[in-house]
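> sequence and computational prediction follow.
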Amino acid sequence: MKLLLVPLHLVIVFAMPILLIGVINRTKALWAGRKGPGLTQFFWDLRRLLHKRAVQSQVATPLFRAGAWVVLVASLLAAAIAPVLGAWAPLQFERDFIVFAYTLGLARIFLMLSAMDVGSSFEGMGAAREASFTAFAEPALFLLIGSAALATGQPSFAGSIGQWQHSASYAWLVAPAVLVLFVLLQAEAARVPVDDPLTHLELTMVHEVMILDHSGPELAAMQYASAIKLTTYAGLIAALLNPWDLQQAPALALLATLAIMVAVAVAVGCVESLTARLRMKLVPHYLLLATAAAAVTLAVTAWLEAAP
């Protein structure tokens, strides 16, 4: 069974980012009354960038060019640890959720370093915003994983997320847990209302301003890494909501995972169509709401587990 799960996980990690970005763009186009691009347009955009020559600033060091690939590899490693198919992941070991969180942190650090390497004031401003927003978002992830581990007694990421449905606290806490993951998805993938991937005003940009000087294959790596992080969090939401056991009904579990991930992409597209990007000073408040929800989730889990 595991020999079959590995290629399935790889297909989800490598192919679903293309589909989810296409679903988001098509959903936004439908809300705007347009036909919109095809579902695979993101693939052709990446292919076009891979065939272009990278243009670099004269003051850029090798760190600038290496940063894009470190971000991509770190995002892929985090996706390999994430249990998007339920109680299983290709890389699964005790306390692997710590590696998951800090692998994403490594990607974020190199994203900021490559932005500051060229000496642009705009990119440095974006890196500073990214660092401050991360300080508000990361506690929510650790609190949520702590809630799952406390409820299940499982020391691994896949075990805690995959087995949470069988705990006493699941029915009470599934809604705030999904809300926390959805906000983290918006923060990690630079989506509205935290950031706007389509904006071109440097003073209001966060992620996009940090990759302004990237072009060609490096820009493709940055954009694909962002889509992989979106897919990873959509997969975590699917793992929480999937009613089918991967071991007992693998086909139904796989179909449910894909359907829930597509539904998350539709939800992202609807949010971006119906809301505007938050003002910069309100973004920390929005992220703190996710942290507060995760803290409540942990407190309620501890109370339910301690109850006789």
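Cool, the structure landed.
> host element of residue 7?
If you go by DSSP states H and E, residue 7 is part of helix 2-31.
> state the next helix or strand along the chain beyond that helix.
helix 41-50.
> contacts only, for the nearest residue to residue 286 once chain neighbours are set aside.
Once flanking residues are discounted, residue 286 sits nearest to residue 278: 5.9 Å by C-beta to C-beta, 6 or more residues apart in numbering. C-betas here are computed from N, CA, C, even on glycine. Residue 278 makes contact with 193, 194, 286, according to C-beta atoms under 8 Å, 6 or more residues apart in numbering.
> helix/strand/coil for residue 278?
What DSSP: H, G, I helix; E, B strand; the rest coil gives for residue 278 is coil.
> now swap in residue 197 and tell me
coil.
> which stretches of this protein form helices?
2-31, 41-50, 62-81, 96-117, 121-152, 157-163, 170-188, 207-210, 216-241, 250-274, 283-306 (DSSP state H).
> what about this protein, any weak spots by pLDDT?
Per-residue confidence for the chain (pLDDT under 70) gives these ranges: 1-2, 200-204, 308.
> and if we set it to 50?
Applying pLDDT under 50 to the chain flags no residue at all.
> doesn't residue 183 make contact with residue 237?
No. Residue 237 lies out of contact with residue 183 (C-beta atoms under 8 Å); the separation is 11.2 Å.
> name the nearest residue to residue 288, sequence neighbours excluded.
residue 136 (5.6 Å).
> residue 222 too?
residue 211 (4.7 Å).
> how about residue 83?
residue 158 (3.6 Å).
> for residue 148, see how far away the one you found is.
10 Å (C-beta to C-beta, to the nearest Å).
> using PDB, write out every CA atom in stretch 214-224.
Provided in PDB are the C-alpha atoms of stretch 214-224 (Å, rounded to 0.1, in the frame of the first residue of the first chain):
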ATOM      1  CA  HIS A 214      13.700  37.800  -9.900                       C
ATOM      2  CA  SER A 215      13.100  36.700 -13.500                       C
ATOM      3  CA  GLY A 216      13.200  33.600 -15.700                       C
ATOM      4  CA  PRO A 217      13.700  30.300 -13.900                       C
ATOM      5  CA  GLU A 218      14.200  31.900 -10.500                       C
ATOM      6  CA  LEU A 219      10.900  33.700 -10.700                       C
ATOM      7  CA  ALA A 220       9.300  30.400 -11.800                       C
ATOM      8  CA  ALA A 221      10.800  28.700  -8.700                       C
ATOM      9  CA  MET A 222       9.400  31.400  -6.400                       C
ATOM     10  CA  GLN A 223       5.900  31.300  -7.900                       C
ATOM     11  CA  TYR A 224       5.800  27.500  -7.900                       C
END
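> residues contacting that stretch, please?
Contacts of stretch 214-224 (C-beta under 8 Å, 6+ apart): 17, 42, 45-46, 49-50, 52-56, 65, 68-69, 71-72, 111, 114, 211.
> swap in 6 Å and give it another go.
Stretch 214-224 has contacts (C-beta atoms under 6 Å, 6 or more residues apart in numbering) with 46, 49, 50, 52, 53, 54, 55, 68, 69, 72, 211.
> chain center to that stretch: distance?
17 Å (C-alpha atoms, centre = their mean, to the nearest Å).
> buried residues in that stretch?
In terms of neighbour count (16 or more other C-beta atoms under 10 Å), stretch 214-224 has its buried residues at 214, 216, 217, 218, 219, 220, 221, 222, 223, 224.
> can you get me a residue count around residue 292?
Residue 292 has 15 neighbours, counted by other C-beta atoms under 10 Å.
> separation between it and residue 194?
From residue 292 to residue 194 the distance is 16 Å (C-beta to C-beta).
> not counting its neighbours along the chain, what's nearest residue 205?
Nearest-residue entry for residue 205: residue 199, 5.5 Å, with adjacent residues in sequence omitted and distances by C-beta to C-beta, 6+ apart.
> mind checking how far the one you found is from residue 277?
In terms of C-beta to C-beta, residue 199 sits 7 Å off from residue 277.
> what of residue 225?
21 Å.
> wait, what's in contact with residue 265?
Residue 265 neighbours (C-beta under 6 Å, 6+ apart): 20, 23, 24.
> and if you look at residue 59?
Residues residue 119 are the ones in contact with residue 59 under the rule C-beta under 6 Å, 6+ apart.
> just read off the phi/psi values of it.
phi -100, psi 0 (degrees, to the nearest 10).
> what of residue 40?
Per degrees, to the nearest 10, the backbone of residue 40 is at phi -100, psi 20.
> fine, thanks again, bye for now.
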